[in-house]
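**Q** sequence first, then the predicted structure:
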Amino acid sequence: NAGVTQTPKFRILKIGQSMTLQCTQDMNHNYMYWYRQDPGMGLKLIYYSVGAGITDKGEVPNGYNVSRSTTEDFPLRLELAAPSQTSVYFCASSFPGQSSGNTIYFGEGSWLTVV
Amino acid sequence: KQEVTQIPAALSVPEGENLVLNCSFTDSAIYNLQWFRQDPGKGLTSLLLIQSSQREQTSGRLNASLDKSSGRSTLYIAASQPGDSATYLCAVNFSGGYQKVTFGTGTKLQVIP
């Protein structure tokens, strides 16, 4: 069981370039999330999705875009990279329910540096 | 504003010691609270989830408690081992949507052999 898989693990971008972080999960979870983690800060929600075809902004969406064409995949697009987007990005998924709670499963992270 | 605070930011203990990590939150209207472990260069691994209606959860040497009225949770680690060294994060799912999860900044634990 692979869980949540995200690629690439490391990437260096030049200012103004664009790229896509890939995320896929094999647990048939309906909720998927993208977070960024900066040193000394808690994780911040960028975008989330409650199911295929449905996405919504989180706390820090500016400069990012997402799509959710399938249950499994939730790519994060960075347009016109800026130094402020240097961070560690985590994809996560969950299957919320009243009896099961909302255990969140995380990928291993993608380290992005914008120079 | 819904906030989650973890104090201290870092903690160093000798092997074998029992220890308590603290988490406080500003709003008692929550769905659940989750404790995670994060190793350097890795993602977060869920340790325990406490539903709003529960007072505590246990898994092996770990015990997490929840007191909604005071806005506090503790993670108790018994007989600490060097392998427990990691950063422990608390995450609170505030009411209003399952996406409304606020993370603390974590407590970095070092267990000294």
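**A** Thanks, I have the structure now. All values reported here derive from a predicted model rather than from experimental measurement. Numbers count the residues shown, from 1 in each chain, chains lettered A, B, ... in the order given.
**Q** going forward, measure contacts between C-alpha atoms and count neighbours the same way
**A** Will do.
**Q** got the residues of chain A near chain B?
**A** A:40-44, A:48, A:90, A:96, A:101-109 (Cα under 8 Å from any Cα of the partner chain).
**Q** got the CA coordinates for stretch B:19-33 in CSV?
**A** In CSV, the C-alpha atoms belonging to stretch B:19-33 read as follows (Å, rounded to 0.1, in the frame of the first residue of the first chain):
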residue,chain,number,x,y,z
LEU,B,19,7.4,12.9,29.4
VAL,B,20,4.5,15.1,28.5
LEU,B,21,4.1,17.3,25.4
ASN,B,22,1.5,20.1,25.5
CYS,B,23,-0.9,21.5,23.0
SER,B,24,-3.3,24.4,23.6
PHE,B,25,-6.0,25.7,21.2
THR,B,26,-8.2,28.8,21.3
ASP,B,27,-11.7,27.4,20.3
SER,B,28,-13.5,24.5,22.0
ALA,B,29,-15.7,23.9,18.9
ILE,B,30,-13.6,21.1,17.4
TYR,B,31,-14.2,17.9,15.4
ASN,B,32,-11.1,16.2,16.6
LEU,B,33,-7.4,16.6,17.6
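**Q** need the contact partners of it.
**A** Under the criterion Cα atoms under 8 Å, 6 or more residues apart in numbering or on different chains, residues A:101-102, B:1-8, B:49-52, B:66, B:68-78, B:80, B:90-95, B:98, B:104, B:107 lie in contact with stretch B:19-33.
**Q** and the average pLDDT for that stretch is what?
**A** Average pLDDT, stretch B:19-33: 95.
**Q** gap between the helix or strand containing residue B:34 and the chain center?
**A** Taking DSSP states H and E as the definition, residue B:34 sits inside strand B:30-38. Remark: strand B:30-38 is offset 6 Å from the chain centroid, using Cα atoms, centre = their mean, to the nearest Å.
**Q** partners of it, with directions?
**A** strand B:44-51 (antiparallel), strand B:86-94 (antiparallel) (DSSP bridges).
**Q** which one of these has the most crowded surroundings?
**A** For those, the largest average neighbour count (mean count of other Cα atoms under 10 Å in any protein chain shown) is found in strand B:86-94, namely a mean of 25.
**Q** need the contact partners of stretch A:83-92.
**A** With Cα under 8 Å, 6+ apart, stretch A:83-92 has contacts from A:4, A:6, A:15, A:23, A:32-38, A:104-115, B:43.
**Q** kindly report the same for stretch A:47-64.
**A** Residues contacting stretch A:47-64 (Cα under 8 Å, 6+ apart): A:30-35, A:44-46, A:65-71, A:76-81, B:99.
**Q** flag every buried residue along stretch B:15-23.
**A** The neighbour-count check on stretch B:15-23 (16 or more other Cα atoms under 10 Å in any protein chain shown) flags B:15, B:21-23 as buried.
**Q** bridging across strands, which residues link to the residue nearest the centre of chain A?
**A** Residue closest to the mean C-alpha point of chain A, counted by Cα atoms, centre = their mean, is residue A:34 at 2.5 Å. Applying DSSP bridges to residue A:34 gives these bridge partners: residue A:47, residue A:91.
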